[in-house]
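In: Output the structure for:
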Amino acid sequence: MVNMTLSIPQELHKEIKAHSEIKWSDVARQAFQKKVQEIHWMEEVLKNSTLTEEDAERIGHKIKSEMRKRFR
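Out: Reported below is the predicted structural model:
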C-alpha cells in the first residue's frame, strides 16, 4: 500500500485529534474511493455524449435561473 501526505486546516486537525478512536486513514480511503467511483460513473455516462461544454454552461445557467424564480 502507498502512503500519502495531506495538508489540512489547523482547525480540522484539532477536530481529528479530538477523536483518535476513529481510523482517519480509513475515512480518507473511503472518501477517495467514493470520489473515484463517481468519476468513473461520470466518464461512462459522458463517453458517448455530444454535449459541449458551452451547452452544459447554457443549461446550467437556465436551471439556476429557474431555481431563483421558484424560490423568490
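In: okay, CA-based contacts and neighbour counts for the rest of this
Out: OK.
In: So which helix or strand of this protein has the lowest pLDDT on average?
Out: Least confident helix or strand of the chain, by mean pLDDT, DSSP states H and E, is helix 53-70 with a mean of 93.
In: How far off centre is that one?
Out: Chain-centre distance of helix 53-70: 20 Å, with Cα atoms, centre = their mean, to the nearest Å.
In: now stretch 48-67
Out: 19 Å.
In: In that stretch, which residues are buried?
Out: Buried residues in stretch 48-67, counted by 16 or more other Cα atoms under 10 Å: none are found.
In: In what element of secondary structure is E38 found?
Out: Assigned by DSSP states H and E, E38 belongs to helix 24-46.
In: average pLDDT across that helix?
Out: The pLDDT scores in helix 24-46 average 96.
In: Now tell me what touches it from outside.
Out: Residues outside helix 24-46 that contact it (Cα atoms under 8 Å, 6 or more residues apart in numbering): I16.
In: Go through it and flag the buried ones.
Out: Going by 16+ other Cα under 10 Å, helix 24-46 has no buried residues at all.
In: Mind exporting the C-alpha coordinates of it to PDB?
Out: Extracted C-alpha coordinates of helix 24-46, given in PDB (Å, rounded to 0.1, in the frame of the first residue of the first chain):
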ATOM      1  CA  TRP A  24      -9.000   8.500   9.900                       C
ATOM      2  CA  SER A  25      -7.000   6.800   7.200                       C
ATOM      3  CA  ASP A  26     -10.000   4.500   6.600                       C
ATOM      4  CA  VAL A  27     -12.300   7.500   6.400                       C
ATOM      5  CA  ALA A  28     -10.000   9.200   3.900                       C
ATOM      6  CA  ARG A  29      -9.500   6.000   1.900                       C
ATOM      7  CA  GLN A  30     -13.300   5.500   1.600                       C
ATOM      8  CA  ALA A  31     -13.800   9.100   0.600                       C
ATOM      9  CA  PHE A  32     -11.200   8.800  -2.100                       C
ATOM     10  CA  GLN A  33     -12.700   5.500  -3.300                       C
ATOM     11  CA  LYS A  34     -16.200   7.100  -3.500                       C
ATOM     12  CA  LYS A  35     -14.900  10.100  -5.500                       C
ATOM     13  CA  VAL A  36     -13.100   7.800  -7.900                       C
ATOM     14  CA  GLN A  37     -16.300   5.700  -8.400                       C
ATOM     15  CA  GLU A  38     -18.200   8.900  -9.100                       C
ATOM     16  CA  ILE A  39     -15.600  10.000 -11.700                       C
ATOM     17  CA  HIS A  40     -15.800   6.600 -13.400                       C
ATOM     18  CA  TRP A  41     -19.500   6.800 -13.500                       C
ATOM     19  CA  MET A  42     -19.500  10.300 -15.000                       C
ATOM     20  CA  GLU A  43     -16.900   9.200 -17.600                       C
ATOM     21  CA  GLU A  44     -19.100   6.300 -18.500                       C
ATOM     22  CA  VAL A  45     -22.200   8.500 -18.800                       C
ATOM     23  CA  LEU A  46     -20.400  11.100 -20.800                       C
END
